[in-house]
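> predicted model follows, preceded by the sequence.
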Amino acid sequence: MELGKATQNYHLVALRAFLGWASKHDIETLPPNKVDLPGTDETEVSFLDSTMVAKLTAAPSTKTRAGKRDRALLETLFSTGLRVAELVRLDRTSVIGKDEVSVLGKGHKRRLVFLSPSAREAIREYLHERTDSDDALFVREWTGTKQRGGRLTARSVQRLIQEYAKQTGMTEHVTPHTLRHSFATDLLQSGADVRAVQALLGHSSIVTTQRYTHLTDQHLRDVHQAFHGRRRRKQS
């Protein structure tokens, strides 16, 4: 099976680290800087359309506390475009009664993200069920009177999303980053400025954000083919 470029990079970074270690210990080997990273294909972006997002966010059962947590988690991811590491660092005091949240992203840079009405409502319903005093917005579930609790981990979030994706019949490999891609693509397809999307995602370079534009170009092409000259075709 052929490895994706991102996976190749992970292996090459590990190899360079090993070569660097060998060099420091006077072991004759290839210099680390001789191992080039090919770079990832910036056009490889997986996202969900609005129908699929709606199915995914509706998948958790809100009859349980865990289900309410998961609904709030999914709504928050799609509403904000947060990285999963940023999501699990959220505290409940940072979101209660607010529609905007300040998050600390990569490079210790702060940015504002915004909660949709559906995300705020899902969070409100989830926190109403919480009986613990943990600062974390999203915590591990517990049963009975013995609270396990504790901040939900990034890996736990990944597993939850994959499970709900399977429940809804999605064959794609859905991850927290898929929802981040979906957030960005949805904004651009709706006409948002690429610079604004860059700020919302916390990208340091506009080039990183521009990888989504080929998707929106296809969307615009589809719109043009579907609607341009419609009246003329009807008259002919």
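Arrived safely, thanks for sending.
> low-confidence ranges in this structure?
Within the chain, the ranges that satisfy pLDDT under 70 run 1-13, 36-44, 143-149, 215, 218-220, 223-224, 227-236.
> swap in 80 and give it another go.
1-17, 19-20, 22-24, 31-45, 142-149, 213-236 (pLDDT under 80).
> buried residues of stretch 17-34, list them for me.
Using 16 or more other CB atoms under 10 Å as the burial criterion, the residues of stretch 17-34 that qualify are 19, 32. Just so you know, the C-beta spots here come from the backbone N, C-alpha and C atoms, and that holds for glycine as well.
> pull it out as PDB, backbone CA atoms only.
Included here for stretch 17-34 are C-alpha records, laid out as PDB according to Å, rounded to 0.1, in the frame of the first residue of the first chain:
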ATOM      1  CA  ALA A  17      16.100  12.600  14.200                       C
ATOM      2  CA  PHE A  18      17.800   9.300  14.400                       C
ATOM      3  CA  LEU A  19      20.600  10.400  12.100                       C
ATOM      4  CA  GLY A  20      21.000  13.500  14.200                       C
ATOM      5  CA  TRP A  21      21.300  11.400  17.300                       C
ATOM      6  CA  ALA A  22      23.900   9.200  15.600                       C
ATOM      7  CA  SER A  23      25.900  12.200  14.500                       C
ATOM      8  CA  LYS A  24      26.000  13.600  18.100                       C
ATOM      9  CA  HIS A  25      27.400  10.200  19.200                       C
ATOM     10  CA  ASP A  26      30.100  10.300  16.600                       C
ATOM     11  CA  ILE A  27      28.600   7.500  14.600                       C
ATOM     12  CA  GLU A  28      29.500   7.800  11.000                       C
ATOM     13  CA  THR A  29      26.300   8.200   9.000                       C
ATOM     14  CA  LEU A  30      24.400  10.200   6.500                       C
ATOM     15  CA  PRO A  31      24.000  13.900   7.600                       C
ATOM     16  CA  PRO A  32      20.400  14.600   8.600                       C
ATOM     17  CA  ASN A  33      20.100  17.600   6.200                       C
ATOM     18  CA  LYS A  34      20.700  15.200   3.300                       C
END
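> what residues does it touch?
By CB atoms under 8 Å, 6 or more residues apart in numbering, the residues outside stretch 17-34 that reach it are 16, 35.
> what distance do you get for residue 165 to residue 47?
Noted for residue 165: a distance of 13 Å to residue 47, by CB to CB, to the nearest Å.
> just residue 62 next, same as before
For residue 62, the distance to residue 47 equals 25 Å [CB to CB].
> try residue 59
Counting by CB to CB, the gap from residue 59 to residue 47 is 17 Å.
> and residue 192, by the same measure?
Between residue 192 and residue 47 the distance is 15 Å, computed by CB to CB.
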